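Q: model this:
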Amino acid sequence: MSDTITFDAFSAAHLDDALHLSQAAGWPHRREDWHLLFRLGRGVVALADGKVVGTALATPFGAVAMANMIIVDAGMRGRGLGRRLMTQAMAGVEVAEWRLTATDDGLPLYQKRGFVATGRVLQHQGVPLAQTQPDGVEWADAVDIEAIASLDRQATGAERGALIVRLKIEGQLAVIRRGADPVGYACLRRFGRGDLIGPVVAETAEMAQRLIGFLIGQSQCSFLRVDTTEAAGLAPWLTAQGLAPVGGGISMRRGGSLG
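A: Purely as a prediction, here's the structure:
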């Protein structure tokens, strides 16, 4: 493969090569998962002899943006490609705060870019136990989208309304109400090897368990994944539901409240 590397804007024409790249790296993303992120943001690819050898995406959510899908072909690592991809993907996206989830391998790159670790993301997956359907959880209606987006904004500080609209189209949203108003929500959608539950926004751990338990019971896939944070305190409960801990990542931020 040539040492001449060129860069181009990520386009729909790159989705198949990007999928092959993530599969080679052992990531579970389907083409549809790539396409969702592509629709919500922008990205950059590195090309060698016309082949995609690196990717980086940037997904803006109001004053916050996520850097994600930063992958470099195993044979092209050690050349600074990750840094160059990330720089180009982030260029022109003017936000107060950047966020990402880092692997241990990627941590030095992100630290050099000014990102600071803020916590751990814990991944749980497997074949869940049968659930007794909890009371007070129901499917969201289309008229709930604005309220759900407001809940999400309060919890995350990000404007993810466009994402929530896509999640309602591509998956299912469950809510817990107080009166007529949603006070917690969670999403069930296809991802990777089966179904994924997330995002989950809830006032308490007990509320989160009710939302997740409801969606476990509604999933039509035998394999299920839930990502949570260490701070949420849900890991022991998820393990007890048959979803084993399988690693995770490091939440990182640059800017915002961290300065």
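Q: alpha carbons only for contacts and neighbour counts from here, please
A: OK.
Q: touching the helix or strand of the chain with the lowest mean pLDDT from outside, list them.
A: Using mean pLDDT, DSSP states H and E, helix 107-112 stands out as the lowest-scoring helix or strand of the chain, at a mean of 93. Outside helix 107-112, the residues that touch it by Cα atoms under 8 Å, 6 or more residues apart in numbering are Gly82, Arg83, Ala102.
Q: quick one: low-confidence parts of the stretch 151-259 of the chain?
A: Scanning the stretch 151-259 of the chain for pLDDT under 70 picks out the ranges 257-259.
Q: hey, where'd the helices end up in it?
A: Listed in chain order, the helices of the stretch 151-259 of the chain (DSSP state H, counting those that start in this stretch) span 161-170, 205-218, 235-240.
Q: looking at these, which is closest to Arg42?
A: Distance to Arg42, taken as Cα to Cα, is lowest for helix 161-170 among the helices of the stretch 151-259 of the chain, at 14.1 Å.
Q: just the buried residues of that closest one, please?
A: Gly161, Leu163, Ile164, Val165, Leu167, Lys168 (16 or more other Cα atoms under 10 Å).
Q: which non-adjacent residue is nearest the fourth one?
A: Computed as Cα to Cα, 6 or more residues apart in numbering, the closest residue to Val165 that is not its neighbour in sequence is Ile145, at 7.0 Å.
Q: in a strand, that's where the one you found is, yeah?
A: No. The assignment for Ile145, made by DSSP: H, G, I helix; E, B strand; the rest coil, is helix rather than a strand.
Q: neighbours of it, how many?
A: By other Cα atoms under 10 Å, the residues close to Ile145 number 17.
Q: in contact with it, which residues?
A: Ile145 neighbours (Cα under 8 Å, 6+ apart): Gly161, Ile164, Val165.
Q: returning to what we had before: now render the contacts of helix 107-112 as TSV, adding neighbour count and pLDDT.
A: Putting the contacts of helix 107-112 into TSV (neighbours: other Cα atoms under 10 Å; pLDDT from 0 to 100) gives the following:
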residue	neighbour count	pLDDT
Gly82	22	93
Arg83	16	94
Ala102	24	95
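Q: can the helices of the stretch 151-259 of the chain go into TSV with extra columns for distance to Ala13?
A: TSV is the format used below for these (distance: least, Cα to Cα, whole Å):
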stretch	distance to Ala13
helix 161-170	21
helix 205-218	34
helix 235-240	38
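Q: nearest to Val121, of these?
A: Checking the helices of the stretch 151-259 of the chain against Val121 by Cα to Cα gives helix 235-240 as the closest, at 10.3 Å.
Q: where do the domain boundaries of this protein fall?
A: For the chain, whose domains are defined here by automatic domain parsing, the residue ranges read 6-95, 124-255.
Q: between these, which one is closest to Gly106.
A: The closest of the domains of the chain to Gly106 is domain 6-95. By Cα to Cα, the value is 8.9 Å.
Q: coming back round to it: and of the domains of the chain, who's closest to Phe115?
A: Among the domains of the chain, domain 124-255 comes nearest to Phe115, with 4.6 Å by Cα to Cα.
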